[in-house]
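# Sequence first, then the predicted structure, then my questions.
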Amino acid sequence: MARENYELLALFMRYWFVFLMLIISIRAVRLMAKERHEYKKLIDSLPDAGLIGEIVDITTGNSYPLPREGIISNKAGADIRLIYLPRSQSIHFEFVPKQGIRLSPTKRNTNALMDGIPLHERPYALHGSYIQAGNYTLRVRLFEGLDVPDSKQPSLSAIDDSEGWSERTWDFAADDYLYHIQSDVHYESDYDYNYYSHPEYDYGYEDEEGYTKGFDLAPPSGSAAREEGDYEEE
Amino acid sequence: MRKNKKRLNKKRINNNSLVDKLAFIIVLFIFSGFAMLTLKNMDMQTLIITIAVPLIFLMSTTLIPKIFFADKLLLSLVNFLCSLGVLVLYRMDPAKGINHAINYVVGLIAMVAIMLVVKNLSRFRKLFPIIGLFSLAMLALPVVAGKEIGGAKAWIQIGSIGFQPSEVVKIMLVVANAYFLSKKKIFYSMAFTGMCLLLLVFQRDLGTALLYYVVTLIMMFVASGNWTLLAGGVIGAGAVAVLGYSLLKRIGFAHLERRLLAWLNPWGNYRDAGYQTVQSLLAIVNGGAFGLGLGAGNASQIPVKETDFIFPFILNEFGMIFGVCLVIIYIIIFLRGIAVAMRCNHRMHSLMAAGCSFFIAFQTFVIIGGNINMLPITGVTLPFVSYGGTSLLSSMGMVGVIQGIASINKRHIMQDELLADIGEGLA
């Protein structure tokens, strides 16, 4: 093409390119905003998204939502914060499909155990597994349908019969899986979350003397517990 | 509830068709650009590349998300930038354009490979400490047997192939730091980055050192939420920059002084140190709002216009409005990366996605800032667009990391939906 003609064409086409670029960027911005909005909606319809179950402190009855990966520690930034857990006992956990929750200590001088196995051996926790760290005795409770092997359900005596168990006030049956919430309810706080997700929310539970108790009688959990000073009593 | 899900699925399909429309507009853009160059050059090679580049774009944008659950919008935009790079470089020099197209295809393969590695990251867990050692060895190579280009001894030449190890190490730095920080081992992360920075100073590659430092600092802040650490890092860097400047120029960093002079007063030194900056500014101003037209620009005087100064060249031919839109696209890529990081269930994945997003964003900021004389020139490339195989490969690798994590996030959401369905069945 002759140079003069090409320059004329280039002068005309520059508006075309700017027009296309404007459309590309506007569409990209709109698509991003739309996708974000829809993702938010999807997450709102799945209030348990990102969680695989809960960890129950069987001494106090407090339950903590269990994400796929995180740290159990006494620090403010921990995914599961146990304020009286010694610093040396903090635990890293990670869900591995088909195997369970891989537990590993973050410090070398830990003596935390999972079903009697030291955490240095990187054991996999399953539904019903017990974790002993510091003065805490925790039990893992997983969602029904999660891609993990069946738990071996260790007996309490097999783990530790020396101390701690007599103080046990709350526990769940070995085959009592948690299930993912099906609700469009928007939870205002941690307390609400624990309230609605708790298995006793629907049907209450029987205490040792055979009285049926509602969930209100169970100790509050999460941030609510900290606010009400439950830990101070310990 | 099920109705809601059906509605959501319908919307997802609608979104996919919207991304397809966006891809169609991008193809139209690329095709128009190459068609113009075909009219200008009137040769077979240009005709072939006019068909080849839109085809590569279409195939990668449609196939990769289908097979690997990748983020389609992110992929479309990254592919667009790569294609734009091929177009602009082909306009400058057809041989470089073709090289860039080959690098683009290799980059796509590398991206898919890295996506697969990231998707199965737990299998490579034991390799993370080795990655750290390997990256230190890579950075030490140019110090021992490097080739000096533009004042920095950052290149390794093996036969006719040259590559920049610091570009490859970028991904390793992000992975190693994410590993250390996810385990709350901030000291290890600091020590590792410190050693990398030291080796980069020995290479006299201070632009890349700046990138490494800032990204690590941001990753540490993301991991710890510690404002004191962030403030300390910024103040410390400022102090080191001021104290180190006078020391460094005595021990062989002469190009540092030239770059600072060019930044502070480019017009006063326009025949010497400020020549590059002045040419860049003139090219941008000459382009005006709509540019001078593809193939009709007058920015051929800018030194290293294929790599560091490609942005003013683009503005000269396509205009400032186009330049603003280009910056918006980079911002969208950054925000997509951050969205992927925020949706992660794993700390390490989250840190990796955030690190890669910040790398791309900060590199873009530094080079565009240098081009418009907002910052001193640092000698880094414009991600995806600039000429340079290693740079494109590392940028595509970082997108691969983000895409791999995006696909993990999608898998997790699908698992959550499945668990919710099981829960619904039990209820």
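On my side now, so go ahead. Numbering: from 1, shown residues only, chains lettered A, B, ... in the order given.
# Name the nearest residue to the residue in chain B that chain A sits nearest to, ignoring sequence neighbours.
Nearest residue of chain B to chain A (CB to the nearest CB) works out as B:Gly293 at 2.9 Å. Heads up, the C-betas are built off the backbone N, CA and C, glycines and all. With CB to CB, 6 or more residues apart in numbering or on different chains as the criterion, B:Gly293 has its nearest non-adjacent residue at 2.9 Å, and that residue is A:Ala10.
# buried sites along stretch B:139-159?
B:139-143, B:146, B:150-156 (16 or more other CB atoms under 10 Å in any protein chain shown).
# Keep only those of these that are in helices.
Counted as lying in helices by DSSP state H, out of these, are B:139-143.
# I'd like the residues you listed written out as JSON lines, with pLDDT added.
Output for those, formatted as JSON lines (pLDDT from 0 to 100):
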{"residue": "B:Leu139", "pLDDT": "89"}
{"residue": "B:Ala140", "pLDDT": "90"}
{"residue": "B:Leu141", "pLDDT": "88"}
{"residue": "B:Pro142", "pLDDT": "86"}
{"residue": "B:Val143", "pLDDT": "85"}
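# Could you single out the nearest of those to B:Pro303?
Nearest to B:Pro303 out of these is B:Pro142 (CB to CB; 22.7 Å).
# Please report how far the closest one lies from B:Pro165.
6 Å (CB to CB, to the nearest Å).
# Kindly point out which residues are neighbours of both of those two.
B:154, B:156 (CB atoms under 8 Å, 6 or more residues apart in numbering or on different chains).
# I'd like the buried residues of stretch B:139-159 laid out as TSV, including distance to chain A.
Listed next are these as TSV, based on distance: CB to the nearest CB, whole Å:
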residue	distance to chain A
B:Leu139	29
B:Ala140	30
B:Leu141	34
B:Pro142	36
B:Val143	35
B:Gly146	39
B:Gly150	31
B:Gly151	35
B:Ala152	33
B:Lys153	39
B:Ala154	33
B:Trp155	34
B:Ile156	37
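# of all these, which two lie farthest apart?
The farthest-apart pair in the buried residues of stretch B:139-159, when distances are taken by CB to CB, is B:Ala140 and B:Gly150, at 20.4 Å.
# so where's chain A shaky on pLDDT?
A:151-177, A:179-234 (pLDDT under 70).
# Helices of that one, start to end?
A:3-45, A:156-159, A:190-197, A:200-203, A:222-227, A:230-233.
# Next: the stretch 201-350 of chain B.
B:206-224, B:227-248, B:254-264, B:275-287, B:310-318, B:320-342, B:347-371 (DSSP state H, counting those that start in this stretch).
# Then the stretch 1-150 of chain B?
B:2-41, B:44-68, B:72-92, B:94-119, B:128-145.
# Please indicate which of the ones you listed has the most neighbours on average?
helix B:72-92 (a mean of 25; mean count of other CB atoms under 10 Å in any protein chain shown).
# close to chain A, is that one?
Yes. Helix B:72-92 comes into contact with chain A (CB under 8 Å from any CB of the partner chain), by way of B:73, B:76-77, B:80.
# Quick check: closest non-adjacent residue to B:Leu145.
Quick fix: residue B:145 reads Ala, not Leu. Here the residue nearest B:Ala145, using CB to CB, 6+ apart, is B:Ile156, at 6.9 Å.
# wait, that neighbour sits on B:Pro165?
Yes. Between B:Ile156 and B:Pro165 there is a contact under CB atoms under 8 Å: 6.1 Å.
# residue contacts, the residue of chain A found nearest chain B?
The minimum distance from chain A to chain B, using CB to the nearest CB, falls at A:Ala10 (2.9 Å). Taking CB under 8 Å, 6+ apart, we find A:Ala10 in contact with B:36, B:292-296.
# tilt between the helix or strand hosting B:Leu393 and helix B:44-68?
For B:Leu393, the enclosing helix or strand under DSSP states H and E is helix B:389-426. Here helix B:389-426 runs at an angle of 30 degrees relative to helix B:44-68 (axes from the mean of the first three to the mean of the last three CA atoms, to 10 degrees).
# mind listing what's buried in helix B:389-426?
Buried-residue list, helix B:389-426, by 16+ other CB under 10 Å: B:389-410, B:412-413, B:415-417, B:419-423.
# and the angle from that helix to helix B:347-371?
140 degrees.
# can you tell me the average pLDDT over helix B:389-426?
The pLDDT scores in helix B:389-426 average 88.
# What helices and strands are in contact with that helix?
helix B:44-68, helix B:72-92, helix B:94-119, helix B:165-182, helix B:320-342, helix B:347-371 (3 or more CB pairs under 8 Å, 6 or more residues apart in numbering or on different chains; DSSP states H and E).
# give the contact list for the residue nearest to B:Ala145.
B:Ile156 touches B:141-142, B:145-147, B:162-165, counting by CB under 8 Å, 6+ apart.
# hey, what's it bridged with?
Bridge pairing for B:Ile156 (DSSP bridges) gives the partners B:Phe163.
# okay, it: pLDDT?
85.
# so how far is B:Glu167 from it?
Counting by CB to CB, the gap from B:Ile156 to B:Glu167 is 11 Å.
# Show me what from the stretch 51-200 of chain B comes close to chain A.
B:73, B:76-77, B:80, B:122, B:183-184.
# ok, which pair from those is furthest apart?
B:Phe80 and B:Lys184 (38.8 Å).
# what's the domain layout of chain A?
Domains of chain A are assigned by automatic domain parsing as A:1-45, A:51-181.
# So B:Ile114 is in contact with B:Gly397, correct?
Yes. Using CB under 8 Å as the test, B:Ile114 is close enough to B:Gly397 to be in contact (5.1 Å).
# so what's in contact with the two at the same time?
Joint contacts of B:Ile114 and B:Gly397 (CB under 8 Å, 6+ apart) are B:Ile171.
# does the closest residue to B:Ser395 other than its chain neighbours sit in a helix, a strand or a coil?
Closest residue to B:Ser395 in three dimensions, ignoring its sequence neighbours and counting by CB to CB, 6+ apart: B:Pro383, at 4.2 Å. State at B:Pro383, reduced to three classes by DSSP: H, G, I helix; E, B strand; the rest coil: coil.
# Show the backbone phi and psi for B:Pro383.
phi -50, psi 140 (degrees, to the nearest 10).
# now do A:Asp79
According to degrees, to the nearest 10, A:Asp79 has phi -70, psi -40.
# got it, and B:Asn298?
phi -130, psi 40.
# you'd agree it is up against B:Asn286?
Yes. With contact defined as CB under 8 Å, B:Asn298 counts as touching B:Asn286 (6.1 Å).
# got any residues that touch both of those two?
Common neighbours of B:Asn298 and B:Asn286 (CB under 8 Å, 6+ apart) are B:292, B:316.
# Looking at the two, which has the bigger crowd around it?
B:Asn286 (16 against 12; other CB atoms under 10 Å in any protein chain shown).
# so what's the more buried one up against?
B:292, B:297-299, B:316.
# Just the buried residues of those residues.
B:292, B:297, B:299, B:316.
# can I get those residues in CSV with pLDDT and distance to B:Val215?
Shown next, in CSV, are the buried ones among the contacts of B:Asn286 (pLDDT from 0 to 100; distance: CB to CB, whole Å):
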residue, pLDDT, distance to B:Val215
B:Leu292, 92, 36
B:Gly297, 85, 34
B:Ala299, 83, 31
B:Asn316, 93, 31
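# how near is the closest residue to B:Cys82 other than its chain neighbours to B:Met115?
Spatial nearest neighbour of B:Cys82, excluding adjacent residues (CB to CB, 6+ apart): B:Tyr104 at 4.6 Å. B:Tyr104 sits 16 Å away from B:Met115, going by CB to CB.
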